[in-house]
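Chemist: Here's a sequence, model it:
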Amino acid sequence: MNDLRRIDLNLLVILDALLSEQHVTRAAERLHLSQPAVSHALARLRDVLGDPLLMRAGGGLVATPRALELAAPLAEALAQVQALLAPNTFDPASAKRRFRVAMSDYGAAIVLPGLIRRLRQDAPGIDLQISHASREGMLDAVLNGDIDLAAGVFPELPPALCSQPLFEERFVCLVDRQGLPVSAELDLPTYLTRPHVLLEMRGSGTPEIERALTSLNLRRHVAISLPHWSVAPQLIRGTDLILTVAARGLNGIDDPQLVILPPPFHIPSFTFVLVWHERRGGDQALNWLNRQIAQAIVHG
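Modeler: Prediction:
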């Protein structure tokens, strides 16, 4: 067993930066240290842990399997230590933190514009690392400590995770105006006979729309399935395709050729939530960020 007396917290901070950047110079710049100091620390870490940790490949550095195993637990442990040592009051104006947040393109379009403006104005030392994954992938990442927060739609949460509702959302349909019936409405027969665009990521479970159709013993034909929110609306113009999505995902649509209509059957609304691990409940900085996200959605 490695002797804990041979390693200190500063070495672990350097290891976290090295595993994140996989580059000695960038890690040094991130930590405001000299490159020789970081190289020396890497040599000590290799000796203490008995593993190369980072190896040269293709002109850069690649993490070893042992380093990859350490990355997530180390980041989570350092976040907990940082929260433990933080002062009783959190000062966003002077704080220096990096938060890892996962969300879809849909969530990013709703959350990030207002949030980033708030952070740049009130907390310029708060950095965000945004990632994208399936629903299951996001929850696993929160559980494993790979990320600090997940924003999305999670019908079922593991007991160890906490959530905060952000808003209720409804579904709408996007169609090309020229392809509508004479009534200019989208009726159920038209909906079922037309081809559809489905927005999904592998591992995200059964889409809400499919569940609603199945409950009515109905099926639709999905002609195109893709995970790209920003691209999907562009596929509708000039085609017979129908896109059924969350209403806020179409806020930026400004094309007179396209029309937004209610679906011709009931699709239950859903709640968009923020999720974090219960062990992070005492992290005042994270709690502050949660509030900023909620306010950014309401006030922009």
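Chemist: Point out where the stretch 1-150 of the chain drops to low pLDDT.
Modeler: 1-6, 83, 86-88 (pLDDT under 70).
Chemist: what are the ranges of the strands in it?
Modeler: Using DSSP state E, counting those that start in this stretch, the strands of the stretch 1-150 of the chain run over 54-57, 60-63, 97-103, 126-131, 149-152.
Chemist: can you check the stretch 151-300 of the chain too?
Modeler: Going by DSSP E, counting those that start in this stretch, the stretch 151-300 of the chain shows strands at 161-169, 171-176, 195-199, 221-226, 242-246, 258-261, 270-277.
Chemist: re the thing from before, just the strands of the stretch 1-150 of the chain: most buried one?
Modeler: Highest mean neighbour count among those (mean count of other CB atoms under 10 Å): strand 149-152, with a mean of 24. The way it works is simple: take the backbone N, C-alpha and C, and place the C-beta from them, glycine included.
Chemist: returning to what we had before: quick one: closest of the strands of the stretch 151-300 of the chain to S39.
Modeler: strand 270-277 (34.0 Å; CB to CB).
Chemist: Enumerate the helices of this structure by residue range, in sequence order.
Modeler: 9-21, 24-31, 35-49, 65-85, 105-122, 135-144, 188-193, 208-215, 284-299 (DSSP state H).
Chemist: now these in JSON lines, with mean neighbour count and distance to A151?
Modeler: Formatted as JSON lines, those follow (neighbours: other CB atoms under 10 Å; distance: least, CB to CB, whole Å):
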{"stretch": "helix 9-21", "mean neighbour count": "19", "distance to A151": "21"}
{"stretch": "helix 24-31", "mean neighbour count": "18", "distance to A151": "25"}
{"stretch": "helix 35-49", "mean neighbour count": "15", "distance to A151": "33"}
{"stretch": "helix 65-85", "mean neighbour count": "15", "distance to A151": "18"}
{"stretch": "helix 105-122", "mean neighbour count": "17", "distance to A151": "5"}
{"stretch": "helix 135-144", "mean neighbour count": "19", "distance to A151": "8"}
{"stretch": "helix 188-193", "mean neighbour count": "14", "distance to A151": "30"}
{"stretch": "helix 208-215", "mean neighbour count": "16", "distance to A151": "17"}
{"stretch": "helix 284-299", "mean neighbour count": "17", "distance to A151": "7"}
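Chemist: want to throw the ones you listed into TSV with distance to M201?
Modeler: What follows is the helices of the chain, written out as TSV (distance: least, CB to CB, whole Å):
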stretch	distance to M201
helix 9-21	24
helix 24-31	30
helix 35-49	35
helix 65-85	21
helix 105-122	10
helix 135-144	8
helix 188-193	24
helix 208-215	14
helix 284-299	21
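Chemist: if we can go back for a sec, pick the most buried one from the strands of the stretch 151-300 of the chain.
Modeler: By mean count of other CB under 10 Å, the strands of the stretch 151-300 of the chain have strand 242-246 as the most buried, with a mean of 22.
Chemist: packing partners for that one?
Modeler: Packing partners of strand 242-246 (3 or more CB pairs under 8 Å, 6 or more residues apart in numbering; DSSP states H and E): strand 171-176, strand 195-199.
Chemist: Now with 10 Å, please.
Modeler: helix 105-122, strand 171-176, helix 188-193, strand 195-199, helix 208-215, strand 258-261 (3 or more CB pairs under 10 Å, 6 or more residues apart in numbering; DSSP states H and E).
Chemist: what's the spacing between the closest residue to P262 other than its chain neighbours and I209?
Modeler: Closest residue to P262 apart from its sequence neighbours, by CB to CB, 6 or more residues apart in numbering: V172 at 6.2 Å. Distance, V172 to I209, using CB to CB, to the nearest Å: 11 Å.
Chemist: That's all I had, so thanks and see you.
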